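Student: Coordinates for the following, if possible.
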Amino acid sequence: MAEDRVLKVRTLLDAVRASGRTALTAPEGKVIADAYGIAVPGEDLATDIEEAVAAAARFGRPVVMKIVSPDILHKTDAGGVIVGVEGAADVRAAFRSIVENARAYAPQARIEGVQVQELLPKGQEVIVGAVTDPTFGKVVAFGLGGVLVEVLKDITFRLAPVDADEALSMLDSIRAAEILRGVRGARAVDRWALAEQIRRVSELVTDFPDIAEVDLNPVIATPEGALAADIRVILAESVPAARPTYTREQILTTMRRLMEPRSVAVIGASNEQGKIGNSVMRNLIDGGFSGEIHPVNPKADDILGRKAYKSVTDVPGEVDVAVFAIPAKFVATALEEVGRKGIPNAVLIPSGFAETGEDELQAEIVAIGRRYGVRLLGPNIYGYYSTWQDLCATFCTPYDVKGGVALTSQSGGIGMAILGFARTTKTGVSAIVGLGNKSDLDEDDLLTWFGEDPHTQCIAMHLEDLKDGRAFVDAARATVPKKPVVVLKAGRTAAGAKAAGSHTGALAGDDAVYDDILRQAGVIRAPGLNEMLEYARALPVLPTPQGDNVVIITGAGGSGVLLSDAVMDNGLTLMEIPDDLDAAFRAFIPPFGAAGNPVDITGGEPPSTYEATIRLGLEDPRIHALVLGYWHTIVTPPMVFAELTARVVAEFRERGIEKPVVASLAGDVEVEEACQYLYERGVVAYPYTTEQPVAVLGAKYRWARAAGLLGGDR
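Tutor: Next up is the predicted model:
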């Protein structure tokens, strides 16, 4: 029974802790393996030479002999492992050698005996394990074992626990998945047995949060099964305190008052130009916010023509948001007043908290917020924009172009890059939100809100860490079926992770774990800032594809080759053109052109050739997306190409035929205007690049698959 196994393992773990240890011995690991059905070879613990001889004789085949010591974790390093021992004389010699090596390696180590284990048959070595990730909690891992796992790092991760289907999917998620299916005449491994090892390990660490790490390494996978040659279990030094959690309804209620406020108080409002409190007030007033704006400053009676209050507690009526524009040392006292007033949201612009080493000061304001039920945005932020409310609660430049893209950033500098990009590209936004130190409100709160916000069509987030990775995954999984979520995760490299930690007072999680788990949540991960912004800009413009077949139509052979490379690099499918469609394309292109895919119409063709081939690409239901490669010629100038393409695409959309169309324009500077013209009319177009249009098409496909709008994962 499940209760019996839990009690058995609990008793064992408590005894290990009582002995002052965090690492279990191999026989203790065997107890856990047996309790959870983790398949291991037969083994015995021999406390003397003759017990070892008897154990080896019972197995009747070559054995592996290993030192058993609670003080020696790395048995091989200690010379404590001998493989392929057979016969009484060799067993006796191996026992002596192992014990002598262990004593030489660690003279003070307690030696409990020697493990005698059946020698496993040859097979594929893999690793199955689990770790406690600082962001995502219990995470189960699978990869190729032995040297390969360390050198190639061919490993994949999932949130624990996993079910049987998820465990099986892990076998196909490593780069060397084909090895498990059998190559060069070898038989495939027993996939079910291997998946069961993964599932049972994930179940174990879920049942026991105080288990920090489990390693089955190697697991020998054969066509007949999968056995763990070694099991290593490490207990956590301590279990982290539980993070406060909120229901979806609670989050939406608070976020609605933050993003759609009727009344805003500015604590630290000022008449003095150059002060943050003055900039916030001016942005709120000049931005046209129609709600109430209440300046709070004990030294002023009037600020920018509005009555000022000595304390926020003096402000009449309900207030939805308090924006802080005062030095860090005064925040705690003012936050107490916000709490007593019953204001649900505090937007903390000031710096000088955890990002500068002032962890205690940040902990103090967090405690105050929790005591009064005030949700905190920040500190150390530029503020936020909620454009559909004409709300500009920031000391930075105003922005009022309404649209469907919600953008968030953990960094102020990145936030301003977002602002500049949005203005330059005329990207309409629903919100721009700074998160800073994320003392309380973070990405999962915002994602929950934006997922329901009717003004938001796409969410793009720059982040350096996640405070609660599981809450983010839950929010992403709820949002992705409705709208795309794009993430730029900083700190991909060791140096980057260090910089990210020092910038916000938070440690970045391991990038490999982030990469796998964000992908499983359906999030589109952007490799860089420009890509994040371009994906966010493009995804609402592109229609959702209805299938995988991508066709390239190009006026330049060289562009066609590069576009083909980009299609493959982005996991897209170049359609194999059937004979009838090939003949149809050939009817429109010169004899020296080339049908197939790419369809090369050559550069000297008139506008009619571009139009005819684009029409055919949109008409044929077997084609699901078009990639256009344009080459600047006087025969077909850039704006002529842009106008005909936009006209044809609009005509088909009026007929109910909507396919994603992206374009790469090569030529003189006139192609820039042509790209802008196309973009504004629903064709995502870029000058001077073949990679970028295909990358955004690839992002659209990744979202469509994650949202269940296309069959199968890729």
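Student: Which parts of the stretch 251-400 of the chain are strands?
Tutor: Secondary structure of the stretch 251-400 of the chain (DSSP state E, counting those that start in this stretch): strands located at 263-267, 292-296, 302-303, 306-307, 321-324, 345-348, 375-377, 383-386, 391-394.
Student: Would you tell me which of the ones you listed gets closest to residue 215?
Tutor: With Cβ to Cβ as the measure, strand 375-377 is the member of the strands of the stretch 251-400 of the chain nearest residue 215 (39.3 Å). C-betas here are computed from N, CA, C, even on glycine.
Student: and that closest one, which strands flank it?
Tutor: Strand 375-377 sits in its sheet next to strand 345-348 (parallel), going by DSSP bridges.
Student: So what touches the partner strand?
Tutor: Applying Cβ atoms under 8 Å, 6 or more residues apart in numbering, the set of residues contacting strand 345-348 from outside is 254, 257-258, 261, 320-324, 331, 335, 338, 365, 369, 374-381, 383-384, 393, 436, 439.
Student: Now for this structure, the helix or strand with the poorest mean pLDDT.
Tutor: Taking mean pLDDT, DSSP states H and E as the measure, the chain has helix 494-504 as its least confident helix or strand, at a mean of 34.
Student: Past that helix, which element shows up next along the chain?
Tutor: Using DSSP states H and E, the helix or strand that directly follows helix 494-504 along the chain is helix 511-520.
Student: Can you spell out which helices and strands pack onto that next one?
Tutor: When contacts are defined as 3 or more Cβ pairs under 8 Å, 6 or more residues apart in numbering; DSSP states H and E, helix 511-520 packs onto strand 155-159, helix 469-479, strand 485-489, strand 524-525.
Student: Would you tell me which one of these is buried the most?
Tutor: Highest mean neighbour count of the helices and strands packed on helix 511-520: strand 485-489, a mean of 25 (counted as mean count of other Cβ atoms under 10 Å).
Student: Which positions in stretch 630-648 come out as buried?
Tutor: 630-633, 636-638, 641-646, 648 (16 or more other Cβ atoms under 10 Å).
Student: In the helix or strand containing residue 129, which residues are buried?
Tutor: Assessed by DSSP H and E, residue 129 sits inside strand 124-133. Across strand 124-133, burial judged by 16+ other Cβ under 10 Å covers 124, 125, 126, 127, 128, 129, 130, 131, 132, 133.
Student: so where is this structure shaky, pLDDT-wise?
Tutor: 1, 146-152, 492-510, 711-714 (pLDDT under 70).
Student: Name all residues that make contact with the residue nearest the centre of the chain.
Tutor: Centroid-nearest residue in the chain: residue 518, 2.8 Å away (criterion: Cα atoms, centre = their mean). Residues in contact with residue 518 (Cβ under 8 Å, 6+ apart) are 476, 487, 489, 525.
Student: same thing with residue 512?
Tutor: Here residue 512 is in contact with 153, 155, 157 (Cβ under 8 Å, 6+ apart).
Student: Setting aside sequence neighbours, what's the nearest residue to the second one?
Tutor: When you say that, I think you mean residue 155. Distance criterion Cβ to Cβ, 6 or more residues apart in numbering; nearest residue to residue 155, sequence neighbours excluded, is residue 143 at 3.1 Å.
Student: Quick check: buried residues in the helix or strand that neighbour falls within?
Tutor: Under the criterion of DSSP H and E, residue 143 resides in strand 137-144. Buried residues in strand 137-144, counted by 16+ other Cβ under 10 Å: 137, 138, 139, 140, 141, 142, 143, 144.
Student: got a list of contacts for it?
Tutor: Here strand 137-144 makes contact (Cβ under 8 Å, 6+ apart) with 124-133, 149, 152-162, 170-171, 173-174, 176, 179, 198, 201-202, 205-206, 209, 469-470, 513, 517.
Student: which residues in the stretch 51-200 of the chain form helices?
Tutor: Under the criterion DSSP state H, counting those that start in this stretch, the stretch 51-200 of the chain carries helices at the ranges 88-105, 147-151, 164-171, 177-181, 191-207.
Student: right, so of the ones you listed, which gets closest to residue 46?
Tutor: Of the helices of the stretch 51-200 of the chain, nearest to residue 46 by Cβ to Cβ is helix 88-105, at 7.1 Å.
Student: which residue of the protein sits farthest from its center?
Tutor: No residue in the chain sits farther from the centre than residue 89, which is 55.8 Å out by Cα atoms, centre = their mean.
Student: what secondary structure does residue 219 sit in?
Tutor: Here residue 219 is recorded as strand under DSSP: H, G, I helix; E, B strand; the rest coil.
Student: so it sits right up against residue 127, yeah?
Tutor: Yes: using Cβ atoms under 8 Å, residue 219 is in contact with residue 127, at 6.7 Å.
Student: Which helix or strand contains residue 696?
Tutor: Under the criterion of DSSP H and E, residue 696 resides in helix 691-706.
Student: I'm done for today, thanks for sticking with me.
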